[in-house]
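1. Got a sequence here, can you build the structure:
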Amino acid sequence: MTLQDEITKTTADRVGCVEIAEGLADRIAAGAERADAEDRFVAENYALLRESGLVEAGVPHDLGGGGADVRELSSMLRVLGRACGSTALAFAMHTHQVAIPAWRWQHQKVAAVEPLLKRIAAERIILLSSGGSDWIAGSGEARPVEGGYRIHGRKVFTSGAAAGNILMTGAVLDQGGERHVLHFGVAMKGEGVRIEDTWHTLGMRGTGSNDVVLDGYFVPDAAVALKRKAGEWHPLFQIIGTIAFPLIYAAYLGVAESACDIALKLARKRPLTHDLRALAGRMMTELRGAELAQESMMAAAERNAPSADTINAVMMAKSLMADHAIRAVELAMELAGGAGFYRSVGLERRFRDIQGARYHPMQRGAQAQYSGAMALGEPVTTVF
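-> Numbering: from 1, shown residues only. Here you go, the predicted model:
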């Protein structure tokens, strides 16, 4: 570690990740507009995050990190989301992959996660998540070979792929008609790994969520961290669901807040009417609904008791948060009037970016099925 790294780390520990994010916000916002316009990954913003010490913010102090808890990390991502939705959303995928092993180390005393957490703190490596493409059912194929497995598959929506060091992912192993999912890390520079330029989208263009193709990547037996039944909830996924979504949706809350701020500034330049006042009130009410739903997710996470009930609480709040945030930004477009249609204002980018809140698991149909089954006393093991 260089002297500058030591100074930066000391600052990160003392000041806190939220304050650091606030200090970076203006530069990150400038990078957002360029990345969106050019349809490319927010690489410069990621460099700022790494240099500032935010990469290791969620690693416990005792393991060399910033020691931020889920609430602090959520607030950090919310700040980043106000500046750049793409930066915040992509970085949320790294952040939750750090927060989950940190939670297991702190609350379950799982020693096996220590080497990864220490490496994140020491080397500032970036973790990637295959997320929605590797939900409960799993994806890809694990073929047994001597000493391990050859992995074949396509991991879509890999946010920040170009900047990542390790992809936290899995593949399905078919053994005698029984399907299991193996979980492991993939070195992004390993043999049989390539990134395909597929991320050309409506919104969140700067996340660089390209496909990662695994074409015969070798995973040794010893590198398999977990083996579980495919298509069924596992206790680890209850931890993942409880911790990840308050972090991911903090990015969307930041997007909604910034959209409302822009709309209010534009509205104040127009003649005040009853309709304009009502639009502003409706917009702020929807934004408040999003804030309350986000706080509900945080409260569920802070119970530190991942379970089917906790997943239900998180997923209901997630659906509410998405609905309110999307509606708040829709009303922001109305409140801004025609001026909001110009790309230079930044509102239309936030309108596009907020649409991504619809698509993370569990989506509306699956969430309703899960919550309905819980309410009726039915099993939810295979509802996802």
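2. can you pull the contacts of Val59?
-> Listed by CB atoms under 8 Å, 6 or more residues apart in numbering, the contact set of Val59 reads 65-67, 98, 102, 117-118, 120-121. Bear in mind the C-beta positions are built from the backbone N, C-alpha and C, glycine included.
3. So which of the residues you listed belong to helices?
-> Counting by DSSP state H, the part of those found in helices is 98, 102, 117-118, 120-121.
4. thinking again about what came up before, make JSON lines from the contacts of Val59 and add pLDDT to it.
-> JSON lines is the format used below for the contacts of Val59 (pLDDT from 0 to 100):
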{"residue": "Gly65", "pLDDT": "98"}
{"residue": "Gly66", "pLDDT": "97"}
{"residue": "Gly67", "pLDDT": "98"}
{"residue": "Val98", "pLDDT": "98"}
{"residue": "Ala102", "pLDDT": "98"}
{"residue": "Leu117", "pLDDT": "98"}
{"residue": "Lys118", "pLDDT": "98"}
{"residue": "Ile120", "pLDDT": "98"}
{"residue": "Ala121", "pLDDT": "98"}
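5. and of the residues you listed, the nearest to Met321?
-> Using CB to CB, the shortest approach to Met321 within those belongs to Val98, at 22.1 Å.
6. Need phi/psi at the closest residue to that closest one other than its chain neighbours.
-> Leaving aside its chain neighbours, Val98 sits nearest to Gly58 (4.1 Å; criterion: CB to CB, 6 or more residues apart in numbering). Dihedral pair for Gly58: phi -90, psi 0, per degrees, to the nearest 10.
7. check contacts around Gly58.
-> Contacts of Gly58 by CB under 8 Å, 6+ apart are 65-66, 68, 73, 95, 98-99, 102.
8. could you redo the last one with a cut-off of 10 Å?
-> 17, 65-70, 72-73, 76, 94-103, 117, 120-121, 243, 247 (CB atoms under 10 Å, 6 or more residues apart in numbering).
9. Next one: Pro235 relative to Ala368, how far apart?
-> 23 Å (CB to CB, to the nearest Å).
10. which one of these two has more residues nearby?
-> Remark: of Pro235 and Ala368, Ala368 carries more neighbours, 15 against 12, as counted by other CB atoms under 10 Å.
11. ok, for Val70, nearest residue in space, not its chain neighbours?
-> Using CB to CB, 6+ apart, the closest residue to Val70 is Ala301 (5.3 Å).
12. pretty sure that neighbour is touching Thr242, no?
-> Yes - using CB atoms under 10 Å, Ala301 is in contact with Thr242, at 5.3 Å.
13. hey, what's in contact with both of those two?
-> Shared contacts of Ala301 and Thr242 (CB under 10 Å, 6+ apart): 70, 103, 310, 313-314.
14. Using CSV, lay out the contacts of Val59 together with neighbour count and distance to Lys155.
-> Shown next, in CSV, are the contacts of Val59 (neighbours: other CB atoms under 10 Å; distance: CB to CB, whole Å):
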residue, neighbour count, distance to Lys155
Gly65, 24, 26
Gly66, 26, 28
Gly67, 20, 31
Val98, 26, 19
Ala102, 26, 23
Leu117, 22, 23
Lys118, 17, 26
Ile120, 27, 20
Ala121, 24, 26
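15. and the residues you listed as a markdown table, adding distance to Glu257?
-> Listed next are the contacts of Val59 as a markdown table, based on distance: CB to CB, whole Å:
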| residue | distance to Glu257 |
| --- | --- |
| Gly65 | 27 |
| Gly66 | 24 |
| Gly67 | 26 |
| Val98 | 24 |
| Ala102 | 27 |
| Leu117 | 31 |
| Lys118 | 35 |
| Ile120 | 29 |
| Ala121 | 30 |
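16. Which of these sits closest to Phe384?
-> Among the contacts of Val59, and counting by CB to CB, the member closest to Phe384 is Val98, at 23.7 Å.
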